[in-house]
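> Sequence and predicted model, in that order:
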Amino acid sequence: MKNRFTRVALVLGVIVTIVAPIGGTAMAVVVPPAAARSGKLVQVGPIADHGFPAWYRDSNNVRLEGCVSFDDPLCPALADEVPNPDLPVSYPDNFPGEFFYQLDGAELTLTNGVKATIGLNVEGAFANDEVVAGDEIVFGRVRIRFAAPAGERYRITHPYGVDDLVATAKGINMTEDVGAVPGAFGQVLNSRIGPFLTWDPAVAPAAPAGYAGDPGVNHKVVGSPYNTNFVRIEKLDPAGGAVLGQVGFTELFSVQGRYATNAGVDLDQATYSTAADGSGVAEVYATSEPGQAIEVVGNAALGFRNTRLRGSSGHYYGRFPITGPVPSGTSLEVVNAGDRPVPRKTRKLVDVVQITGLSYDADAQELSVAATSSDKAGRPALTATGFGVLGGSPFAGVEAPPATVTVTSAAGGTATASIIGSGHPFLPGAPVAGATADSTAIIGQTVRLDGTGSTGEIDRYKWTQTAGPSVALSNAMTSTATFVPAAAGTYVFTLEVTGPGGSGTPVTVTIDVTGAVAPKADAGADQTVVRGRAVALDGSRSTAVESYAWRQVSGPAVTLTGAMTSRPTFTYPGQVLPAAPGPNPAFVYANDPVVLELTVRNPAGVATAQVTVRPSPETLSGLAVRYRTGNNEWRISGTSSLLIGQRVEAVLGSTLTGKVIGAPVAVDATGAFSIRVTGPAPAGVTTISLVTSIGGRVLASNVQVTN
């Protein structure tokens, strides 16, 4: 079997998973396997000359490299993915738009004769389908496809997990791609692919030397992290998920993958240090597989020849003499001499920057930065990012420094260090006092002094009387104090607040106390509101009030919030609709207003006032009511005078106690509504009635009966 699946255009992102019926794609749910995962992809190899990783390693220490040449029938590049398949592969002019590190799959025929295909791949490609440097992506793909009637549900168990899929009009067609961001080659390690699948060594024939398998020969495999080295397809009950039966099974896979023989090399850093006379050393840091022949390429201008780096555990280091000045833009090159073809990596040679001093004086608001360059001959300028060139003096006026400072050399080197600050610790600012009180009161009334509007960090409140007849303050050392005046007069109080930042400026409040006056209640103007909306009551125009109390007198029951304040609120209840399917002989249409009473008190007496809140009237017009006997179909339409998305319900008969016709429908943005349902049959009833969730009602609307 030739394992090849056409690549769809990728949307940039970490995960592109089809989980909903978009464009006929199966609805998919990834089911956690019963067994814990025992392996995965674990390492990205060095970047090769073509911009992709030279290889990927899995947890079984299997390394596979990309199939990017025509001369290997067991790991070929795809001829239709290069501009000219008659020429050798070359980067970037004749390089495949897609290729594979692992190209594995299975085909099986289901019990109904339908062919199913499963693809399990690690694929290299370009984000925009064009060979452009910087657009390289590598992703792990799981793809499952087979024909099935829409709505059928299947569970597919494969080497990399379990998928629960529901077919759409185009059958089962699921693709999951993980790792589609250019240059983010490590994202594929988070895909479901891994470890790599290889031919089962216990089953003859053996895999060709150097390969995970022969893609032209189906074979049993090993490598599943769940020990599910097979594909099993089970048909499920669409509703409950019970297994109805197994419809397909195979243990044979097509496997394409070539074991990496090249190790590659990454040049991690190339730096130089020179004395004042220009002599010095270049230092090279590289990484590859252990035991590789990593060499620096000689540079006559700098004064050294091809030299082997010293290696340990995959890290390589070299230190090479410089006998002359380092020209700006000079680069070093390293190679892995043991690879074929020999990979080369180049990196600009830069100086080493060391930050020798970094401190911040919070009191003076000064940032001090000191640094050195390893280039003692060129003495390149050093710049603190965001602040400027280092000159020996601190940077002034720095109110809030960053956590770290980066120093960049004109010769290319950089260094970053964390700031250590000095100075006095910060404390909260002085709090700000805020005080209020009723501006007027009467003799014998409890007067409340309120300091809760004060702001800042406050440890202590202190109320002090500064004018007026002497009174005894209760809770004078808290945010809220009270007193009861025994004589008329003007009373003045001062509030002082203190915290860790000191004392704030005191503020005063003044209260005019008069002789005993009975309160007057004012519950506010009557209101008309839409059902379901919030209602705000207002008793603040009442006078000489010590306490407020609201209660409901009549109408549909409501819940008052803040019933003991001057401004309580409630939500006007909606109209309850008749329950389907009916009939509802006990249904009561209630459109009465809500009547509430306010009671205000003070030591001199009690007063009450009422307010009425009515629901906004709604008119239903343009009614068209039609019943077709041929197909038992109702068609009811009309328009509401209120456009708030309320629901409309139709009921058989001249009252609202009969059978319900269909389900409530919402009024649209123009006020229109339409009910089109099958049944119930009118059975001789010639009228219908309508009611809405905000109280609109039409009784005994005639029905036009047709065939």
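In hand now; what should we look at? Residues are numbered from 1 along each chain as shown.
> Okay, helices next: where are they in the chain?
Read by DSSP state H, the chain holds no helices at all.
> Flag the shaky bits of it, pLDDT-wise.
1-27 (pLDDT under 70).
> Let me see the domain layout of it.
For the chain, the structural domains run 15-259, 266-351, 353-422, 436-514, 527-615, 620-706, going by automatic domain parsing.
> For those domains, give me a markdown table that also has distance to Ala521 and mean neighbour count.
C-betas here are computed from N, CA, C, even on glycine. Below are the domains of the chain laid out as a markdown table (distance: least, Cβ to Cβ, whole Å; neighbours: other Cβ atoms under 10 Å):
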| stretch | distance to Ala521 | mean neighbour count |
| --- | --- | --- |
| domain 15-259 | 60 | 18 |
| domain 266-351 | 83 | 17 |
| domain 353-422 | 56 | 16 |
| domain 436-514 | 15 | 17 |
| domain 527-615 | 4 | 16 |
| domain 620-706 | 29 | 17 |
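> Can you say which of the ones you listed is nearest to Lys520?
Among the domains of the chain, the nearest to Lys520 by Cβ to Cβ is domain 527-615 (4.7 Å).
> Quote the end-to-end distance of the closest one.
One end of domain 527-615 to the other measures 9 Å (Cα to Cα, to the nearest Å).
> sorry, back to before: can I get the domains of the chain in TSV with distance to Pro428?
Listed next are the domains of the chain as TSV, based on distance: least, Cβ to Cβ, whole Å:
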stretch	distance to Pro428
domain 15-259	45
domain 266-351	46
domain 353-422	16
domain 436-514	4
domain 527-615	32
domain 620-706	48
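> Out of those, the one nearest Gly429 is which?
domain 436-514 (4.7 Å).
> from the chain's centre, how far out does that closest one sit?
50 Å (Cα atoms, centre = their mean, to the nearest Å).
> and what of stretch 409-416?
For stretch 409-416, the distance to the chain centre is 37 Å (Cα atoms, centre = their mean).
> Between the two ends of it, what distance do you get?
For stretch 409-416, the separation between the terminal residues is 12 Å (Cα to Cα).
> Can you list the neighbours in contact with it?
271, 326, 328, 348-355, 371, 373-375, 378, 380-383, 404-408 (Cβ atoms under 8 Å, 6 or more residues apart in numbering).
> gap between Gly653 and Thr408?
85 Å (Cβ to Cβ, to the nearest Å).
> Might you report the residue contacts of Thr482?
446-449, 473-475.
> For Val471, grab phi and psi.
phi -130, psi 160 (degrees, to the nearest 10).
> so who does it touch?
Contacts for Val471 (Cβ under 8 Å, 6+ apart) come out as 465, 483-486, 491.
> switch the cut-off to 10 Å
For Val471, the contact set (Cβ atoms under 10 Å, 6 or more residues apart in numbering) comprises 447, 465, 482-487, 491, 493, 513.
> swap in Arg57?
Taking Cβ under 10 Å, 6+ apart, we find Arg57 in contact with 41-45, 63-64, 189, 194-196, 260, 289.
> can you rerun that using 7 Å?
42-43, 45, 63 (Cβ atoms under 7 Å, 6 or more residues apart in numbering).
> Need these in a markdown table (columns: distance to Gly318).
Listed next are these as a markdown table, based on distance: Cβ to Cβ, whole Å:
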| residue | distance to Gly318 |
| --- | --- |
| Val42 | 28 |
| Gln43 | 24 |
| Gly45 | 21 |
| Arg63 | 25 |
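> quick one: which of those is nearest Ala563?
Nearest to Ala563 out of the contacts of Arg57 is Val42 (Cβ to Cβ; 65.8 Å).
> what's the nearest residue to the closest one if we skip its chain neighbours?
By the measure of Cβ to Cβ, 6 or more residues apart in numbering, the closest residue to Val42 outside its immediate chain neighbours is Ser59, 5.1 Å from it.
> swap in Pro83?
Nearest residue to Pro83, sequence neighbours excluded (Cβ to Cβ, 6+ apart): Asn94, at 5.6 Å.
> is the one you found in a bridge, and if so with what?
Asn94 has the following beta-bridge partners by DSSP bridges: Ser90.
> wait, it sits on Leu87?
Yes. Contact criterion Cβ atoms under 7 Å: Asn94 and Leu87 qualify, at 5.2 Å.
> What distance do you get for the residue nearest to Pro83 to Val82?
Applying Cβ to Cβ, the value for Asn94 to Val82 is 5 Å.
> now Leu236
43 Å.
> check contacts around Gln445.
Counting by Cβ under 7 Å, 6+ apart, Gln445 makes contact with 546, 602-603.
> and which of those is nearest to Tyr360?
Among these, and counting by Cβ to Cβ, the member closest to Tyr360 is Glu546, at 57.7 Å.
> what separates that closest one from Val606, distance-wise?
As defined by Cβ to Cβ, Glu546 lies at a distance of 10 Å from Val606.
> what do you get for Ile688?
52 Å.
> likewise Tyr548?
Counting by Cβ to Cβ, the gap from Tyr548 to Val606 is 12 Å.
> try Phe395
As defined by Cβ to Cβ, Phe395 lies at a distance of 72 Å from Val606.
> out of the contacts of Thr482, which are inside strands?
Within the contacts of Thr482, residues falling in strands by DSSP state E are 447-449.
> In this structure Leu449 contacts Asp438, no?
No. Counting by Cβ under 7 Å, Leu449 sits too far from Asp438 to count as a contact (9.4 Å).
> For the residue lying farthest from the centre of the chain, which non-adjacent residue is spatially closest?
For the chain, the largest distance from the centre (Cα atoms, centre = their mean) belongs to Ala487, which lies 64.6 Å off. Of all residues not flanking Ala487 in the chain, Pro469 sits nearest, at 4.5 Å (Cβ to Cβ, 6+ apart).
> what's the spacing between the one you found and Asp512?
When Pro469 is compared with Asp512 (using Cβ to Cβ), they lie 12 Å apart.
> Please apply the same query to Thr599.
Separation of Thr599 from Asp512 (Cβ to Cβ): 25 Å.
> Could you do Leu367 as well?
58 Å.
> With Ala282 instead?
Taking Cβ to Cβ, one finds Ala282 at 89 Å from Asp512.
> now do Ala487
12 Å.
> Ok, Thr404 next?
Taken as Cβ to Cβ, the span from Thr404 to Asp512 is 61 Å.
> One more: Glu176?
Distance of Glu176 to Asp512, given as Cβ to Cβ: 76 Å.
> is Thr440 in a bridge, and if so with what?
With DSSP bridges as the rule, Thr440 is bridged to Asp512.
> Span of stretch 371-389 from start to end?
11 Å.
> cool, stretch 49-61 as well?
Taking Cα to Cα, stretch 49-61 runs 23 Å from one end to the other.
> Same question for stretch 387-403.
Terminal residues of stretch 387-403 lie 14 Å apart, using Cα to Cα.
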